[in-house]
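Colleague: 3D, please:
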Amino acid sequence: MAFTQEPIPEDFKKIFDFSIFHNELGRPFELPNWEGQRWTIDKDRDAFLIPTGGGAGAHLGCPRSDWFGFWWKGDVVHFHADQVYSEDGCVFTWANGFLELPVNLEARRTEIFTLIQEALRCRYSTIGSQGAYTVHVKLN
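Modeller: Just a heads-up that it's a prediction; the model follows:
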């Protein structure tokens, strides 16, 4: 199965401890309390991606940094990168990407980065008024 974008089920919100993820300040993440909070999930691969923070830098004329929590088979990975838009607004790129991996997953870095790329492409390829974006993700 591939990643899909869907609302986080209410029953899952009640039982899952989202504070295992952290935000851009390194603080435990708190899932916002609004209806329709979405995740990007691949149930067959036991993986999901949620945004945990962002916006840093945008008001200073720097690239906007976005932060994500990625759950994979019981392990937590954090990813952050800078947003870079193309002139025509159709290419969505995260540059200077950084993965925070637990030690037990270091040998699987490439596999996990590929999963995160897939999830980000699913999440962001169809947003915005211009229609579909082409999504690129680059690690440092």
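Colleague: which residues of this protein score low on pLDDT?
Modeller: 1, 33-36, 55-63, 85-92, 126-133, 140 (pLDDT under 70).
Colleague: can you pull up the most central residue in it?
Modeller: For the chain, the residue nearest the mean C-alpha position is Phe68 (3.8 Å; C-alpha atoms, centre = their mean).
Colleague: pretty sure that residue is touching Phe79, no?
Modeller: Yes. Here Phe68 reaches Phe79: they are 4.8 Å apart, a contact under C-beta atoms under 8 Å. (Glycine included, C-beta is placed from N, CA and C.)
Colleague: give me the common contacts of the two.
Modeller: Ile116 (C-beta atoms under 8 Å, 6 or more residues apart in numbering).
Colleague: next, the distance between the ends of stretch 83-101.
Modeller: One end of stretch 83-101 sits 21 Å from the other (C-alpha to C-alpha, to the nearest Å).
Colleague: in whichever helix in the chain runs longest, what's buried?
Modeller: The residue-count maximum for a helix in the chain (DSSP state H) belongs to helix 109-124. Residues of helix 109-124 classed as buried: Ile112, Phe113, Leu115, Ile116, Gln117, Glu118, Ala119, Leu120, Arg121, Cys122, Arg123, Tyr124 (neighbour count, 16 or more other C-beta atoms under 10 Å).
Colleague: helices or strands up against the helix or strand following that helix?
Modeller: Downstream of helix 109-124, the first helix or strand assigned by DSSP states H and E is strand 134-139. For strand 134-139, the elements it packs on are strand 91-100, helix 109-124, judged by 3 or more C-beta pairs under 8 Å, 6 or more residues apart in numbering; DSSP states H and E.
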